[in-house]
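Engineer: The sequence isn't on hand, but the structure is:
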C-alpha cells in the first residue's frame with residue numbers, strides 16, 4: 001500500500017539525465033485525481049530504486065520518454081514528453097501483480113511494488129455474519145470499546161456496555177465525544193510515557209545515557225524531557241500543534257496530575273527568544289542532531305522527517321535548487337550519486353548554520369545556543385569555502401532567510417498537517433492509511449488544517465468517526 005504521503009518534486013530520470021524538478025507536477029497534472037496528488041506529489045521512488053537506477057515502472061517508462069532525442073533532456077523537453085510516456089504504459093503491469101499501472105495510480109498503490117495493490121472494499125463482508133458488530137459499516141459499539149482502550153487504556157465495563165446499548169444513534173455519537181474528552185484528560189493519554197509521548201519518540205529520539213535533568217545518564221548533555229513537554233503541550237487541549245515547530249516559549253511538566261505549563265525560560269535551554277523555533281532548536285535537538293558538525297545536515301533532515309513527514313533518505317520531498325549543492329564544507333556531495341538529494345538537503349540546512357551543537361573545553365558555554373558567525377568562530381578550518389555558507393536557504397523550493405522562517409513555512413504547510421494526522425492514524429487505526437482509507441484520511445487532515453486550525457483535540461473527534469476507526 002502507498003504508505004508515504006509526500007511532497008517530493010522529483011519523479012523519474014530519462015537515459016543519463018539528472019532528476020527532473022518538473023516531474024512531480026507534470027505527473028499530477030496528468031493524473032490529478034491520483035491519491036498521491038492530494039496535498040502532495042509522488043517521490044522519485046515511483047520510478048527509481050535510487051537515481052539513476054530505475055525500478056520496474058521506471059524501466060517501462062524510459063523507452064517511451066522522447067525516444068531519439070539526445071540526452072540529457074532539458075526540463076522543458078522532459079515535461080513536454082512525460083504525459084505521453086505515462087499514458088503509453090497505462091495498460092501494462094510493471095510489477096506483475098495482476099493490476100495495470102493505471103489502476104494502481106488511480107487507487108494510490110505502487111506500480112513497481114508487487115506487494116502493493118488495491119484491495120476490494122469490504123473484503124467480502126456479508127451483513128449479519130457477526131452477531132456482535134456490523135462488520136460491513138461503522139459500528140458505534142465497536143468504536144466505543146476501541147476508544148476506551150485507545151484513550152483511557154482500559155476496556156469498558158459490562159455496565160458501561162449495557163448502558164451504551166440503550167442509547168439511540170445520535171446519543172451514541174454524543175457519548176463517544178464525551179468519552180474522548182474524558183479520556184484525553186487521563187494519565188494514560190497525556191502523562192509521562194503515555195500515548196502522546198509515544199508519538200514523540202521518533203521525533204525526539206531519546207538516549208538515556210546522555211540525558212540531563214531528572215533520571216540523568218552518566219554523560220548528562222541535555223534534557224529531552226523539555227522536548228516531550230513542548231510536544232505534548234502543543235498536542236493537547238485546544239493548543240496549536242504548530243507550536244512544536246514555532247514556539248518561542250518553553251514548557252514545564254508538572255505531576256499528580258500531569259499538567260503542561262508555559263515558561264518564558266528554563267535553565268536547561270539556551271537559545272534566545274529571537275532565534276527559538278520550538279523543538280527544532282531545543283538543547284536536545286542541537287546537542288544530538290548538530291553535535292560537532294559545521295553544516296548541520298542531520299538536524300535539517302531530522303526536522304524535515306520528524307515534523308513534515310518527509311525522509312530525504314527515501315527520496316521524499318526533493319525540491320532541487322538550481323546551482324546546488326555548493327558543497328561549502330568539501331564533503332564531496334557534488335558527486336552524481338549524492339547531488340540529487342543534496343540539491344535539496346544542503347539549502348534545507350543553511351538556516352541551521354549558526355545553531356551551535358556540542359562544544360567541549362573552551363567555548364563549551366556556547367553549546368546548544370545560537371551563535372552569530374558560528375562557522376567563522378569555530379569551523380573556519382573545515383574547508384576554504386565553509387565561511388561562505390549562507391544562513392538563507394530553501395524549504396519546499398521557497399526561499400527562507402532564517403530558521404524561524406523555515407519553521408513557520410513548514411508548520412503552515414500541507415506536509416505538516418498530513419504528517420501530524422498520519423501519526424494519530426497509525427496510533428489509533430493501527431497502520432498508515434491504505435489506498436481504501438485514503439479518502440477518509442485526506443478529509444481528516446484537510447479539516448485539521450483548514451477547519452480546526454491545527455487543533456489535535458478537535459481533529460480526534462473526526463478521526464473516531466471514520467470507518468477506518470469504527471468499522472470492525
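Structural biologist: All right, it came through fine. Computed from a predicted structure; not experimentally measured. Numbers count the residues shown, from 1 in each chain.

Engineer: and stretch 182-189, which residues are buried?
Structural biologist: Along stretch 182-189, the positions that meet the burial threshold by neighbour count (16 or more other CB atoms under 10 Å) are 183, 184, 186, 188, 189. For the C-beta atoms, the positions are set from N, CA and C on the backbone; glycine is no exception.

Engineer: Mind picking the two most distant members of those residues?
Structural biologist: The largest separation in those, counting by CB to CB, is between 184 and 188 at 9.6 Å.

Engineer: Could you pull out the strands in this structure for me?
Structural biologist: Chain-ordered strands for the chain, with DSSP state E as the definition, fall at 48-50, 53-54, 250-254, 259-263, 393-395, 398-400.

Engineer: now those strands as TSV including mean pLDDT, distance to residue 288 and mean neighbour count?
Structural biologist: As requested, those are exported to TSV (pLDDT from 0 to 100; distance: least, CB to CB, whole Å; neighbours: other CB atoms under 10 Å):
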stretch	mean pLDDT	distance to residue 288	mean neighbour count
strand 48-50	75	27	17
strand 53-54	82	32	15
strand 250-254	97	18	18
strand 259-263	97	22	14
strand 393-395	98	21	24
strand 398-400	97	23	15
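
Engineer: export the buried residues of stretch 182-189 to a markdown table and tack on distance to residue 153?
Structural biologist: Converted to a markdown table, these look like this (distance: CB to CB, whole Å):
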| residue | distance to residue 153 |
| --- | --- |
| 183 | 8 |
| 184 | 12 |
| 186 | 7 |
| 188 | 4 |
| 189 | 8 |
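
Engineer: okay, those in CSV with pLDDT next?
Structural biologist: What follows is these, written out as CSV (pLDDT from 0 to 100):
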residue, pLDDT
183, 98
184, 98
186, 97
188, 98
189, 98
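
Engineer: Now flag whichever of these is closest to residue 462.
Structural biologist: For residue 462, the closest of those turns out to be residue 184, at 14.1 Å, with distances computed as CB to CB.

Engineer: which residues touch the residue lying closest to the closest one once chain neighbours are set aside?
Structural biologist: In space, residue 184 comes closest to residue 151 once its chain neighbours are excluded; the distance is 6.0 Å by CB to CB, 6 or more residues apart in numbering. Residues counted as contacts of residue 151 (CB atoms under 8 Å, 6 or more residues apart in numbering) are 179, 180, 183, 184, 186, 188, 189, 195.

Engineer: Distance of the fourth one relative to residue 247?
Structural biologist: Relative to residue 247, residue 184 is positioned 21 Å away (CB to CB, to the nearest Å).

Engineer: same question, the first one
Structural biologist: With distances defined as CB to CB, the gap from residue 179 to residue 247 amounts to 30 Å.

Engineer: Determine which member of these two has the greater number of neighbouring residues.
Structural biologist: The residue with the greater number of neighbours, taking residue 179 and residue 247 and applying other CB atoms under 10 Å, is residue 247; the counts read 24 against 20.

Engineer: And that one, its phi and psi?
Structural biologist: With angles defined as degrees, to the nearest 10, residue 247 shows backbone torsions of phi -60, psi 140.
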